[in-house]
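Peer 1: Kindly generate the corresponding structure for this input.
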Amino acid sequence: AGRARRLLLSQLFQPLALPTGGQAGSEGRPGEPSCRSQRLMLQAGLIHPTSPGCYCYLPPTVRAMEKLIKLMDQEMQAVGGQKLNLPSLCSAELWRASGRWDQMGPELFRLLDRHKHGYCLGPTHEELVTALVASQSGLSYKQLPLRLYQVTRKFRDEPKPRFGLLRSREFYMKDMYTFDSSEQEARRTYEQVCAAYCSLLTRLGLPFVKVQAATGSIGGSTSHEFQLPADIGEDRLLLCPQGHFAANVETLSTEQTSCPECGEKLSETKGIEVGHTFYLGTKYSSVANAVFSSAENQLQLAEMGCYGLGVTRILAASIEVLSSEDSIRWPSLIAPYQLCFIPPKRGSREEEE
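Peer 2: Residues are numbered from 1 along each chain as shown. Model (predicted):
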């Protein structure tokens, strides 16, 4: 009594019968873009499409995802992260105050409740978490830094969802939001979280590169992406062959073709973005009035950073870069199962022996 029941492979819910081309929700039709990870995950019964950009994550995938989240928890808590959970429904009022309600455009899923109050399904949570911290009156510099993170579903109305979990409308993300007492402390936090991301991807055995990146709609003054080089990647990267410099082409002028450190010619490759970090300064804390009492008993705005890792994207991207065309290879730390025992057939000579 109380022992976990062993799961037989024959009983694992892993439907391999894919929808036909004429059925709603099918993907990978002739002429539509597909990639290795999407094809392998569909064929192996790891995911099941329901509508464009939305998938059922089946039991083996959930096992892998839970293992990945445990690794993320280890890395985030090693840098002082505290785990919380924020609502997916975010008030339009908060987003209008930051300016992102209009800035995000059609990528933002918007809705009205029965009282005609506006909301969005959060793709990120800068506004909400800053409002949360701002609501805590009497916050002292002694309570900083605050490093708050969550692992939740996110939503983005992609115009053309594609490549399975690499570009979907509903996905899981680990997002961290940090609050520091000064720019110097905030930049120290930034380096610590970046180091934690490097540690995670190294533990997974993934061939990543950290590149200089644009801040986009999130804002801030410093940003880096964590990219996995891959032919189907949607980002163009310029890399120094000696490893002295790496950047997304969005951040460079068209004239820059050599490394600013050593002068070597930069080589171009494509990458899959699996992580993104931002130093935000007071962009959001100034709007929400997220302040703390300094050592001199003066109210000061908190210096912020935000950091994201794509949970489901890392699952798919790891399959994309590690697998062969016809068989899946997982990072060993997140493989759904480490071993599969095949016993002798009941009543066979081998069983009797």
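
Peer 1: C-alpha from now on. contacts and neighbour counts both.
Peer 2: Noted.

Peer 1: Could you list the low-confidence segments of the stretch 201-350 of the chain?
Peer 2: Within the stretch 201-350 of the chain, no stretch has pLDDT under 70.

Peer 1: What segments of it are helices?
Peer 2: 285-288, 311-322, 349-352 (DSSP state H, counting those that start in this stretch).

Peer 1: Reformat these into CSV and put mean neighbour count and distance to residue 113 next to each item.
Peer 2: CSV is the format used below for the helices of the stretch 201-350 of the chain (neighbours: other C-alpha atoms under 10 Å; distance: least, C-alpha to C-alpha, whole Å):
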stretch, mean neighbour count, distance to residue 113
helix 285-288, 20, 24
helix 311-322, 23, 29
helix 349-352, 10, 63
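
Peer 1: For residue 152, see how far away the residue nearest to the spatial centre of the chain is.
Peer 2: By C-alpha atoms, centre = their mean, the mean C-alpha position of the chain lies nearest to residue 310, the distance being 1.4 Å. Note on residue 310: its distance to residue 152, by C-alpha to C-alpha, to the nearest Å, is 10 Å.

Peer 1: shared neighbours of these two, which are they?
Peer 2: 172-174 (C-alpha atoms under 8 Å, 6 or more residues apart in numbering).

Peer 1: Looking at neighbours, which among the residues you listed is most surrounded?
Peer 2: Per-residue neighbour counts (other C-alpha atoms under 10 Å) across the shared contacts of residue 310 and residue 152 peak at residue 173, which has 24 neighbours.

Peer 1: Ramachandran coordinates for it?
Peer 2: The phi/psi pair for residue 173 (degrees, to the nearest 10) reads phi -140, psi 150.

Peer 1: Shouldn't residue 93 be within a strand?
Peer 2: No - going by DSSP: H, G, I helix; E, B strand; the rest coil, the assignment for residue 93 is helix, not a strand.

Peer 1: Next up, the contacts around it.
Peer 2: Listed by C-alpha under 8 Å, 6+ apart, the contact set of residue 93 reads residue 118.

Peer 1: what does the one 3 residues further on give?
Peer 2: Contacts were defined as C-alpha under 8 Å, 6+ apart; by that measure residue 96 touches residue 102.

Peer 1: And for residue 203?
Peer 2: Neighbouring residues of residue 203 by C-alpha under 8 Å, 6+ apart: residue 333.

Peer 1: repeat for the one 3 residues further on
Peer 2: The contact partners of residue 206, by C-alpha under 8 Å, 6+ apart, come to 228, 318, 321, 331.

Peer 1: can you do 10 Å?
Peer 2: Residue 206 makes contact with 198, 200, 227-229, 314, 317-318, 321-322, 331 under the criterion C-alpha atoms under 10 Å, 6 or more residues apart in numbering.

Peer 1: out of those residues, which one sits closest to residue 161?
Peer 2: Ranked by distance to residue 161 (C-alpha to C-alpha), the contacts of residue 206 are led by residue 317 at 15.5 Å.

Peer 1: What is the neighbour count of residue 201?
Peer 2: For residue 201, the neighbour count with other C-alpha under 10 Å is 21.

Peer 1: Same question for the one 10 residues further on.
Peer 2: Burial of residue 211 is recorded as 22 neighbouring residues (other C-alpha under 10 Å).

Peer 1: That one and residue 178, how far apart?
Peer 2: For residue 211, the distance to residue 178 - C-alpha to C-alpha - is 21 Å.

Peer 1: got it, and residue 239?
Peer 2: On the measure of C-alpha to C-alpha, residue 239 and residue 178 end up 29 Å apart.

Peer 1: Residue 277 too?
Peer 2: When residue 277 is compared with residue 178 (using C-alpha to C-alpha), they lie 11 Å apart.

Peer 1: Please apply the same query to residue 123.
Peer 2: For residue 123, the distance to residue 178 - C-alpha to C-alpha - is 18 Å.

Peer 1: ok, those two, which is more surrounded?
Peer 2: Set side by side, residue 123 and residue 178 show more neighbours around residue 178, with 25 against 22, by other C-alpha under 10 Å.

Peer 1: Assumed that one was part of a strand.
Peer 2: Yes - judged by three-state DSSP, residue 178 forms part of a strand.

Peer 1: Rebuild the contacts of residue 206 as TSV, extending it with distance to residue 36.
Peer 2: Putting the contacts of residue 206 into TSV (distance: C-alpha to C-alpha, whole Å) gives the following:
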residue	distance to residue 36
198	25
200	23
227	17
228	15
229	14
314	14
317	10
318	11
321	9
322	10
331	16
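
Peer 1: ok, back up a step: as a markdown table, the helices of the stretch 201-350 of the chain with distance to residue 128 would be great.
Peer 2: As requested, the helices of the stretch 201-350 of the chain are arranged in a markdown table below (distance: least, C-alpha to C-alpha, whole Å):
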| stretch | distance to residue 128 |
| --- | --- |
| helix 285-288 | 9 |
| helix 311-322 | 21 |
| helix 349-352 | 61 |
